[in-house]
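1. how does the following fold in three dimensions:
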Amino acid sequence: MLKSNTLYACFAVVAFAAAVACAGPKPNILLVIGDDMTWYDCGAYGNKDVKTPNIDRLAGDGMKFTHMFTATAMCAPTRQQLYTGLFPVRNGAYPNHSRVHAGTKSMVHHLRALGYRVGIAGKTHFGPKESFPFETVAGRGIADKPQPWQQIKAFIERDRDQPFCLVIASSSPHMPWDKGDAAAYDPASFTLPTCLPDTPATRQQLARYYAEITCLDAQLGRAMGLVEQAGLADSTLTIFTSEQGIQMPRGKWTCYDQGLRTAFIVKWPGKVKAGSTTDAMTQYVDLVPTLIEAAGGEPASIDSGRPGAPDGGRGFDGRSFINVLQGQADRHRDLVFGVHTTRGIISGSESYPIRSVRDRRFKLILNLNHTARFTNIVTENDTNGLWADWKRAAAEGDELAAMLVKRYQHRPTIELYDLKTDPHELNDLADDPAQARVIARLQRELDRWMRQQGDQGDATERINRRGKPINKKLKASLRVETDK
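-> Sure thing, here's the model as predicted:
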């Protein structure tokens with residue numbers, strides 16, 4: 001019996017070693033994140049006005065996701081769900097400038113356990129430190145300073161026998177849009193999306209915003225260039241994502257697609273087909289499980305540090321989409337969800353919780369305190385004159401401007417949009433009797449998800465007036481939302 005058990009153990013060890021060998025070497029991981037960039041504002045996603053040669057090149061070398069979503073169109077909640085694989089209410093970081101519950105784990109813990117060194121350069125906007133113990137590679141202000149890029153280069157090139165995961169978190173194109181060369185853009189030549197009123201301020205601000213996207217694009221190009229110079233391009237999984245949408249009405253701080261939908265491109269030589277596109281519906285919480293599987297780990301075995309997983313355990317809210325990356329599947333999620341709170345927002349409404357659910361065709365939005373007036377820095381601190389220009393256009397008879405100004409601040413309890421015929425969500429179908437079954441079905445799904453998340457809607461909104469601050473130093477430095 002002993003001899004048999006010993007022989008079995010030997011076979012098991014050999015089988016495990018063979019499985020590891022077949023899995024291949026662990027890829028390096030480069031994740032470049034934009035800041036407040038609407039998903040379609042680059043050449044790869046159809047915008048012919050903005051210059052993004054590096055984003056476009058990455059799309060040509062990798063896979064472009066057309067239906068990737070963040071669950072919250074605000075900086076801190078978006079980044080913390082991306083790094084933890086947990087939706088905002090469950091991880092605790094659902095107000096802006098908030099932090100996750102103590103004990104929550106992030107990609108840093110999970111990838112370190114798989115043998116990685118994990119660093120970050122640029123914007124952080126998360127907390128507490130124990131949940132995000134990144135190695136600090138470089139601080140903020142990476143756009144046009146040489147020292148941060150020297151530090152990034154050193155991180156990439158050191159410890160060649162150990163795989164790295166490097167997050168480069170840009171502050172562009174976050175307001176106030178003061179990076180890049182706005183003179184390189186002619187506002188009069190722009191082709192505006194049908195969801196934006198054609199006003200002088202709209203065109204002028206887009207020129208500044210596009211210039212800063214080009215600045216972001218240059219940062220992506222510089223990062224990819226350092227990987228190539230180090231001879232690591234073929235062994236690196238490179239990701240670019242745009243984060244949430246532009247700081248304009250119906251973009252950032254909303255649950256419309258212009259806020260929640262995000263550009264997402266993956267290059268993985270030998271694994272991902274160059275020049276491919278997928279319309280599989282995915283969410284930011286799916287990234288960490290995907291990276292764990294790409295690194296040879298088992299996402300289902302991971303303790304996220306929080307109870308309340310979809311299966312009742314302590315796992316992720318997200319699921320690996322590695323089969324999509326490798327061309328083995330063209331579907332991932334049937335539904336994607338959104339959650340927004342005005343807590344932590346400069347000039348935000350006292351309480352204006354918003355929840356949403358979207359399938360391939362329809363989007364349902366619940367405004368849980370719809371009798372209040374929706375406010376934020378866009379409407380109350382109109383430093384660039386955009387909101388005033390839209391109101392002027394509305395008063396002068398511009399029907400689109402009038403509709404957008406009214407609906408941005410005064411909304412019904414329920415909104416429903418047919419995204420197949422109305423991709424910019426301008427025609428609310430909630431009062432159409434023909435859509436009653438669609439509304440009922442989506443509302444059941446949204447209620448189920450909120451229960452799983454421990455989300456009580458307006459009661460959850462009111463638990464903490466502004467959310468627990470990330471740390472004392474950040475709290476002291478917070479002046480306005482546009483501070484980079």
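
2. and stretch 411-419, C-alpha only, in PDB?
-> Extracted in PDB, the C-alpha atoms of stretch 411-419 (Å, rounded to 0.1, in the frame of the first residue of the first chain):
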ATOM      1  CA  ARG A 411     -35.500  63.000 -14.000                       C
ATOM      2  CA  PRO A 412     -38.300  60.500 -13.700                       C
ATOM      3  CA  THR A 413     -38.300  57.500 -11.300                       C
ATOM      4  CA  ILE A 414     -37.600  55.100 -14.200                       C
ATOM      5  CA  GLU A 415     -35.800  55.600 -17.500                       C
ATOM      6  CA  LEU A 416     -35.700  53.000 -20.300                       C
ATOM      7  CA  TYR A 417     -33.700  53.200 -23.500                       C
ATOM      8  CA  ASP A 418     -33.600  50.900 -26.600                       C
ATOM      9  CA  LEU A 419     -29.900  51.000 -27.300                       C
END
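
3. and it, how far out from the chain middle?
-> Computed by Cα atoms, centre = their mean, to the nearest Å, the chain-centroid distance of stretch 411-419 equals 23 Å.

4. what are the buried residues along that stretch?
-> 411, 414, 415, 416, 417, 418 (16 or more other Cβ atoms under 10 Å). Yep, even glycine has a C-beta here, placed from its N, CA and C like the rest.

5. likewise stretch 422-435?
-> For stretch 422-435, a neighbour-count test (16+ other Cβ under 10 Å) marks 423, 425, 428, 429, 430, 435 as buried.

6. tell me the contacts of the first one?
-> The contact partners of residue 423, by Cβ atoms under 8 Å, 6 or more residues apart in numbering, come to residue 257.

7. re the thing from before, now the buried residues of stretch 422-435 as TSV including secondary structure, distance to residue 334 and pLDDT?
-> TSV is the format used below for these (DSSP: H, G, I helix; E, B strand; the rest coil; distance: Cβ to Cβ, whole Å; pLDDT from 0 to 100):
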residue	secondary structure	distance to residue 334	pLDDT
423	coil	19	97
425	coil	20	98
428	coil	23	98
429	coil	20	98
430	coil	21	98
435	helix	19	98
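
8. how about the helices in the stretch 201-350 of the chain?
-> 257-260, 287-294, 322-325 (DSSP state H, counting those that start in this stretch).

9. please enumerate residues in contact with the second one?
-> Think helix 287-294. Helix 287-294 is contacted from outside by 26-27, 29, 82-85, 106-107, 110-111, 114, 165, 237, 239, 268, 298-299, 302, 316, 318-322, 325, using Cβ under 8 Å, 6+ apart.

10. now restrict these to buried residues only.
-> The neighbour count (16+ other Cβ under 10 Å) marks 26-27, 29, 82-85, 106-107, 110-111, 165, 237, 239, 268, 299, 302, 316, 318-322, 325 as buried among these.

11. reformat the buried residues of stretch 422-435 as JSON lines; add distance to residue 444.
-> Compiled in JSON lines, the buried residues of stretch 422-435 are given as follows (distance: Cβ to Cβ, whole Å):
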{"residue": "423", "distance to residue 444": "25"}
{"residue": "425", "distance to residue 444": "21"}
{"residue": "428", "distance to residue 444": "20"}
{"residue": "429", "distance to residue 444": "18"}
{"residue": "430", "distance to residue 444": "16"}
{"residue": "435", "distance to residue 444": "15"}
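
12. between those residues, which sits nearest residue 150?
-> residue 423 (43.2 Å; Cβ to Cβ).

13. if I look at that closest one, how far off is residue 365?
-> To residue 365, residue 423 is 15 Å away according to Cβ to Cβ, to the nearest Å.

14. got it, and residue 237?
-> 34 Å.

15. if I look at residue 459, how far off is residue 393?
-> In terms of Cβ to Cβ, residue 459 sits 39 Å off from residue 393.

16. kindly report the same for residue 109.
-> Residue 109 is 50 Å from residue 393, by Cβ to Cβ.

17. what about the two, which has more around it?
-> Between residue 109 and residue 393, residue 393 has the larger neighbour count (other Cβ atoms under 10 Å), namely 22 against 19.

18. which residue packs closest to that one, ignoring adjacent ones?
-> residue 401 (3.9 Å; Cβ to Cβ, 6 or more residues apart in numbering).

19. ditto for residue 414
-> residue 430 (4.6 Å).

20. which residues does the residue nearest to residue 393 contact?
-> Per Cβ under 8 Å, 6+ apart, neighbours of residue 401: 197, 199, 390, 391, 393, 394.

21. now, those residues that are in helices?
-> Members of those lying in helices (criterion: DSSP state H): 390, 391, 393, 394.

22. quick one: which of those has the most company?
-> Once you tally neighbours by other Cβ under 10 Å, residue 390 ends up highest among the ones in helices among the contacts of residue 401, having 27 neighbours.

23. now do the closest residue to it other than its chain neighbours against residue 434, distance only.
-> Distance criterion Cβ to Cβ, 6+ apart; nearest residue to residue 390, sequence neighbours excluded, is residue 401 at 4.9 Å. Distance from residue 401 to residue 434, counting by Cβ to Cβ: 29 Å.

24. what segments of the stretch 351-484 of the chain are strands?
-> 354-358, 362-367, 414-418 (DSSP state E, counting those that start in this stretch).

25. identify the residues contacting the longest one?
-> Contacts to strand 362-367, defined as Cβ under 8 Å, 6+ apart, come from residues 255-257, 338, 352-358, 411-419, 425, 438-439, 442-443, 446.

26. now do the contacts for the residue nearest to residue 234 when sequence neighbours are not counted.
-> Spatially, and ignoring its direct neighbours in sequence, residue 234 is nearest to residue 269 (4.8 Å; Cβ to Cβ, 6+ apart). For residue 269, the contacting residues are 233, 234, 235, 236, by Cβ under 8 Å, 6+ apart.

27. can I assume the second one is in contact with residue 270?
-> Yes - with contacts counted by Cβ atoms under 8 Å, residue 234 reaches residue 270, the gap being 7.3 Å.

28. out of these two, which sits in the busier spot?
-> Ranked by neighbour count (other Cβ under 10 Å), residue 234 and residue 270 place residue 234 first, with 11 against 8.

29. per-residue pLDDT, that one?
-> On the pLDDT scale, residue 234 is placed at 97.

30. repeat that for residue 462.
-> pLDDT recorded at residue 462 is 78.

31. backbone dihedrals for it, please?
-> phi -90, psi 0 (degrees, to the nearest 10).

32. please report how far it lies from residue 224.
-> Note on residue 462: its distance to residue 224, by Cβ to Cβ, is 45 Å.

33. residues in contact with the spatially most central residue of the chain?
-> When Cα atoms, centre = their mean is applied to the chain, the residue found nearest the centroid is residue 243 (3.7 Å). Going by Cβ under 8 Å, 6+ apart, residue 243 touches 33, 34, 35, 36, 37, 70, 75, 78, 79, 262.

34. can I get those in TSV including secondary structure?
-> Converted to TSV, those look like this (DSSP: H, G, I helix; E, B strand; the rest coil):
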residue	secondary structure
33	strand
34	coil
35	coil
36	coil
37	coil
70	coil
75	helix
78	helix
79	helix
262	strand
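
35. kindly reformat those as TSV containing pLDDT and neighbour count.
-> Shown next, in TSV, are these (pLDDT from 0 to 100; neighbours: other Cβ atoms under 10 Å):
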residue	pLDDT	neighbour count
33	98	24
34	98	29
35	97	24
36	97	27
37	98	30
70	98	28
75	92	22
78	97	27
79	97	24
262	98	27
